[in-house]
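make a model of this:
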Amino acid sequence: MSLKLNPRKLLLSKWTALQPQHKEKHFLVVRVLLPDDPQAPVTEVELEAVHSRRSRIIPWKTLTDAESWRQGWH
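Residues are numbered from 1 along each chain as shown. Sure, this is the predicted structure:
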């Protein structure tokens, strides 16, 4: 099952990685990367690990994969 998400409303949303790496399980969307062309769709967001503060940029559609991500902190 995949989630229906609006990428422009993801800012500050909380996510749990179901397969944590580097002991990083809980993440916050700290930035929605807007394309240069305002008519183009959003494709990426920046996630920050709550524990380590390490950040990474991912395609926002990755968050709809129910086997990898769960919305909220669990």
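
can you give me the helices in this protein?
Here the chain has no helices by DSSP state H.

hey, where'd the strands end up in it?
With DSSP state E as the criterion, the chain has strands at 14-21, 24-33, 44-49, 55-59, 69-71.

so where's the protein shaky on pLDDT?
1-3 (pLDDT under 70).

mind running it again at 90?
Residue ranges of the chain with pLDDT under 90: 1-8, 38.

one step back: quick one: closest of the strands of the chain to L5.
Evaluated over the strands of the chain, closeness to L5 peaks at strand 69-71, with 8.4 Å, by C-beta to C-beta. C-beta coordinates here come from the backbone N, C-alpha and C atoms, glycine included.

can you name every helix or strand that the closest one contacts?
With contacts taken as 3 or more C-beta pairs under 8 Å, 6 or more residues apart in numbering; DSSP states H and E, strand 69-71 sits against strand 14-21.

buried stuff in the strand it packs on?
W15 (16 or more other C-beta atoms under 10 Å).

can you tell me which of the strands of the chain is most buried?
Among the strands of the chain, the stretch with the highest mean neighbour count (mean count of other C-beta atoms under 10 Å) is strand 44-49, at a mean of 19.

elements contacting that strand?
Packing contacts for strand 44-49, counted by 3+ C-beta pairs under 8 Å, 6+ apart, involve strand 24-33, strand 55-59.

which non-adjacent residue is nearest A17?
K25 (5.4 Å; C-beta to C-beta, 6 or more residues apart in numbering).

one step back: tabulate the helices and strands packed on strand 44-49 in TSV, adding columns for distance to Q71.
As requested, the helices and strands packed on strand 44-49 are exported to TSV (distance: least, C-beta to C-beta, whole Å):
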stretch	distance to Q71
strand 24-33	10
strand 55-59	15
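
please list all residues in contact with R54.
By C-beta atoms under 8 Å, 6 or more residues apart in numbering, the contact set of R54 is 22, 24, 48.

from R53, how far out is the second one?
It refers to E24. The gap separating E24 from R53 is 10 Å, by C-beta to C-beta, to the nearest Å.
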